[in-house]
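*Asks:* just to be clear, the model below is a prediction. Sequence and coordinates:
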Amino acid sequence: MKPYVLGIDIGGTNTVFGIVDARGNVIASSSIKTAKHPKIEDYVEELYTEVMRLIEANDATDKVGGIGVGAPNGNYYTGRIEYAPNLIWEGVIPLQKMLQDRFNLPVAITNDANAAAMGEMTYGAARGMKDFIMITLGTGVGSGIVANGQMVYGHDGLAGELGHMIVKRNNGRLCGCGRAGCLEAYCSATGVARTAREFLEIRQEPSLLRNIPIESITSKDVYDAAIQGDKLAKDVFDYTGTILGEAFADMMVFSSPQAFIIFGGLAKSGDLLLKPLKEAMDKNMLNCFKGKAKVLLSELKEADAAVLGASALAWEAKMIEN
């Protein structure tokens, strides 16, 4: 059995890839710009060139047994990226076949949040768990659902888009998916910044955030103000955490997870987010589920998490192939 797999995480800006051993050690990693090539064929060619350079530099030639890919709208069943809104290539892309043909290795593909869940189950906070929900809080809100020890893919490979649960039915914010009121529009890093802008416009109180041009405010600015005691900024986190906690209580009823595991930039907010989240979750929980689900932070190092998640999928691809 070959000792390594390759994990590839395709983001809208960067594609990160790394060589990973069976213990979850990232031997080496590198990256390329995702949007550099308007043609997917040219992107695959650059990816191949840079991956082979990394493999050769780390004495891993002929030692990689499979490739796992996490990508926006990556479909585990079809091996395709399907209508990803934040990638420059439109429509349906048969990425699994393209990579298998170029690398001559088994390839598995899934969406980026499912890959994160597999990484957490293999290497992180969900080790030993058979039922949990992974929530990634970044530019958007992603999710991966594990039930009975298996990823939930649904009949078409696209299940688990919990970031697009509608949490505000009336006059909800427009979401990047084209619908209104989605969880992502409120509880992503982008959503936090939107909430801060709304609060600044409708409230008259002083705030450190008023020193920043309103359209330039980021979730990091809101966090920095909140830890300095700024009331408006703290209220933004209360609002965000409450919505997320209410959503967790709703998610609880369909798969009864042992834990919700949070990953991404907003997870670093600590109790600013977690305190209102847990309060709202407990307040809105169906009685038979009260006290049963933990809220945990990811144990994966952020720099390695994307590659580790994709690599966990690659081990599965190797086993299927073997």
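*Replies:* Ah, there it is.

*Asks:* quick one: low-confidence ranges for the protein?
*Replies:* Residue ranges of the chain with pLDDT under 70: 317-322.

*Asks:* surely Ile166 meets Ala185?
*Replies:* No. Checked against Cβ atoms under 8 Å, the pair Ile166 and Ala185 is beyond contact range at 9.5 Å. Placement of C-beta: from N, CA and C, glycine included.

*Asks:* which of those two has more neighbours?
*Replies:* Ala185 (27 against 13; other Cβ atoms under 10 Å).

*Asks:* and the more buried one, what does it touch?
*Replies:* Under the criterion of Cβ atoms under 8 Å, 6 or more residues apart in numbering, the neighbours of Ala185 are Lys168, Gly172, Arg173, Leu174, Cys175, Gly176, Gly191, Arg194.

*Asks:* let's see that with 6 Å instead.
*Replies:* Arg173, Cys175, Gly191 (Cβ atoms under 6 Å, 6 or more residues apart in numbering).

*Asks:* nearest spatial neighbour of the second one, chain-adjacent residues omitted?
*Replies:* Here the nearest residue to Cys175 in space, its sequence neighbours aside, is Cys182; by Cβ to Cβ, 6 or more residues apart in numbering that works out to 3.8 Å.

*Asks:* same thing with the first one?
*Replies:* Taking Cβ to Cβ, 6+ apart as the measure, Arg173 lies nearest to Ala185, with 4.0 Å between them; neighbours along the chain are not counted.

*Asks:* my read is the one you found is in a helix, agree?
*Replies:* Yes. Applying DSSP: H, G, I helix; E, B strand; the rest coil, one finds Ala185 inside a helix.

*Asks:* from Ala193, how far out is it?
*Replies:* The gap separating Ala185 from Ala193 is 11 Å, by Cβ to Cβ, to the nearest Å.

*Asks:* what does Asp282 give?
*Replies:* Going from Asp282 to Ala193 by Cβ to Cβ gives 27 Å.

*Asks:* which one's more surrounded, the two?
*Replies:* Each of Asp282 and Ala193 has its neighbours counted (other Cβ under 10 Å); Ala193 has more, 21 against 13.

*Asks:* distance to Ile109, secondary structure and neighbour count for the contacts of Ala185 - can I get that in a markdown table?
*Replies:* Formatted as a markdown table, the contacts of Ala185 follow (distance: Cβ to Cβ, whole Å; DSSP: H, G, I helix; E, B strand; the rest coil; neighbours: other Cβ atoms under 10 Å):
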| residue | distance to Ile109 | secondary structure | neighbour count |
| --- | --- | --- | --- |
| Arg173 | 31 | coil | 16 |
| Cys175 | 24 | coil | 22 |
| Gly191 | 28 | helix | 27 |
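
*Asks:* now Gln228: how far from Val222?
*Replies:* 11 Å.

*Asks:* ok, those two, which is more surrounded?
*Replies:* Shown here are Gln228 and Val222; by other Cβ under 10 Å, Val222 has more neighbours (31 against 10).
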